[in-house]
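Asks: Make a model of this:
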Amino acid sequence: MTLDYPSIGKRIKIAHIKADLSQERLAEIIDISPTHLSNIERGSTHVSLLTLVKIANALYTSMDELLADNVLYTKPIFENDIQRLLDGCNEYEIRIVKNTLEALVDSLHQNDLLKDNIAPYTVR
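Replies: Modelled structure (predicted):
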């Protein structure tokens, strides 16, 4: 199994923007260079566990939040992601999302392989 470092980097970037912290300021807080943080956010370098913990603490977020795309059982994290997306939608867009999601869920439930067994899902 390999970790999806670009997805971890993307979540870090989203979290520091949401926290209203510049990349430079976050790098300063966790005592790494802005260039290294930029590389982490682009997924072009592997982030160490210690650095990831420092980032999570500095951004007042959880490791689950930063690693959600790499872990199979993170339903609450993805539910929060979906809610954030919905919060940005107007009434018309919500209807379209609801109809699309309903069709997608119906399709997934008709697929016995996904319905009865999560094993086909593999983490990169």
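Asks: Tell me the spacing between residue 50 and residue 16.
Replies: Between residue 50 and residue 16 the distance, using CB to CB, to the nearest Å, works out to 18 Å. C-beta here means a position set from N, CA and C on the backbone, and glycine is covered the same way.
Asks: Neighbour count for these two, which is higher?
Replies: Neighbour tally, residue 50 and residue 16, criterion other CB atoms under 10 Å: the higher count belongs to residue 16, 22 against 9.
Asks: Name the nearest residue to the more buried one, ignoring sequence neighbours.
Replies: residue 26 (4.8 Å; CB to CB, 6 or more residues apart in numbering).
Asks: what's in contact with the helix or strand harbouring the one you found?
Replies: Assigned by DSSP states H and E, residue 26 belongs to helix 23-30. Under the criterion CB atoms under 8 Å, 6 or more residues apart in numbering, residues 13, 16, 21, 33-34, 36-38, 41, 51, 54-55, 58-59 lie in contact with helix 23-30.
Asks: One more: stretch 80-93?
Replies: So stretch 80-93 is contacted by 68, 94, 97 (CB under 8 Å, 6+ apart).
Asks: Could you list the single helix or strand in the chain with the lowest mean pLDDT?
Replies: When each helix and strand of the chain is scored by mean pLDDT, DSSP states H and E, helix 112-116 comes last, with a mean of 57.
Asks: hmm, back to that, pLDDT averaged over the helix holding residue 26 - what is it?
Replies: Per-residue pLDDT values over helix 23-30 give a mean of 96.
Asks: Show me which positions of the helix or strand following it end up buried.
Replies: Next helix or strand after helix 23-30 toward the C-terminus (DSSP H and E): helix 34-42. By neighbour count on 16 or more other CB atoms under 10 Å, the buried set for helix 34-42 is 37, 38, 39, 40, 41.
Asks: Out of the residues you listed, which is nearest to residue 1?
Replies: residue 40 (19.6 Å; CB to CB).
Asks: Wait, that closest one touches residue 11, no?
Replies: No: counting by CB atoms under 8 Å, residue 40 stays clear of residue 11, with 10.8 Å between them.
Asks: Give me the phi and psi for residue 31.
Replies: phi 60, psi 50 (degrees, to the nearest 10).
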